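Participant: Got a sequence here, can you build the structure:
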Amino acid sequence: MKQLRQITLFLIIILLLTACGGGTETTNLPPTATRTPRPPTATPFPSRTPAPPTATATLTNTPEPDATDTPTPTDTPTPTVTPTTGPLAADVAQPEYTASECSDRFPCNDDIAAWEERIQVPPGFAVSYVTQFPNIDPDPDWPSYQPTSLTFGPDGKLYVAFRQGKIYTVDAAGNQELFFDGLTVPTGLAFQPGTNRLYVSNRVR
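Facilitator: This next block holds a predicted model:
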């Protein structure tokens, strides 16, 4: 009888345990996918490109120079100047000095015809009167104008230098104009070819 009670009690406990645990179902969760890391990609190392071979110059044998006799210098002849043509200007015979009421050797300043007769030029040339430079402001040391040189400019005018330190221009009509003043004694005039640049040779004190 005692064993029957124990068996009955044991069955009741089992039924209680079953009743308590039977209402709850155990849900198995699927495993979460784990991201597998990708292995690193191997980076290829650049391969070394061999440099192209450089051309090597082929050595050539240089022939040795032959001995050459050095010529002995000869005497240099002295050149002689042989004129091919005669002088361009023929001999000019100046007339005899003729006394005048102004001088015992020269004509008066206003005697143009007498002065033209005294000027002798080679054949093919002519002399004509253009103008006269009067001494408007005479200097005791320079009683009259004394021309020292003259030249034609690129403008067609005649440039005349005087001992008094002045340079005048004269046009085709004979008009005079002071070009420069203040020189000591201009002794030469020349224009640079192709320009209007005038060069003056001046005597200094």
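
Participant: So the residue nearest to P95 when sequence neighbours are not counted versus S100, what's the distance?
Facilitator: Leaving out its chain neighbours, the residue that sits closest to P95 by C-beta to C-beta, 6 or more residues apart in numbering is R118, at 5.9 Å. Where C-beta positions appear, they are placed from N, C-alpha and C, glycine not excepted. For R118, the distance to S100 (C-beta to C-beta, to the nearest Å) stands at 11 Å.

Participant: between these two, what contacts are shared?
Facilitator: Common neighbours of R118 and S100, counting by C-beta atoms under 8 Å, 6 or more residues apart in numbering, are P107.

Participant: So for the two, which residue has more residues nearby?
Facilitator: Comparing R118 with S100 by other C-beta atoms under 10 Å, the one with more neighbours is R118, at 16 against 13.

Participant: give me phi/psi at the more buried one?
Facilitator: phi -80, psi -20 (degrees, to the nearest 10).

Participant: how about the helices in this protein?
Facilitator: Assigned helices in the chain, in chain order: 2-22, 112-118 (criterion: DSSP state H).

Participant: low-scoring pLDDT stretches of this protein, where are they?
Facilitator: For the chain, the stretches with pLDDT under 70 are 1-6, 15-37, 39-47, 50, 53, 55-57, 81, 83-94, 136-143.

Participant: domains of it?
Facilitator: 94-129, 138-203 (automatic domain parsing).

Participant: Of all those domains, which one is nearest P65?
Facilitator: Among the domains of the chain, the nearest to P65 by C-beta to C-beta is domain 138-203 (51.3 Å).

Participant: Which residue is the nearest non-sequential neighbour of G174?
Facilitator: Excluding the flanking residues, the one nearest G174 by C-beta to C-beta, 6+ apart is T131, at 3.8 Å.

Participant: I'd assumed D171 was in contact with the one you found.
Facilitator: No. T131 lies out of contact with D171 (C-beta atoms under 8 Å); the separation is 9.2 Å.

Participant: Contacts only, for K157.
Facilitator: Counted by C-beta under 8 Å, 6+ apart, K157 has contacts 169-171.

Participant: one more time with 10 Å
Facilitator: K157 makes contact with 151, 168-172, 175, 177, 179 under the criterion C-beta atoms under 10 Å, 6 or more residues apart in numbering.

Participant: For the domains of the chain, please prepare a markdown table with the additional fields distance to T74.
Facilitator: Shown next, in a markdown table, are the domains of the chain (distance: least, C-beta to C-beta, whole Å):
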| stretch | distance to T74 |
| --- | --- |
| domain 94-129 | 45 |
| domain 138-203 | 41 |
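
Participant: To F10, which of the ones you listed lies closest?
Facilitator: Taking the domains of the chain one by one with C-beta to C-beta, domain 138-203 is closest: 148.0 Å.
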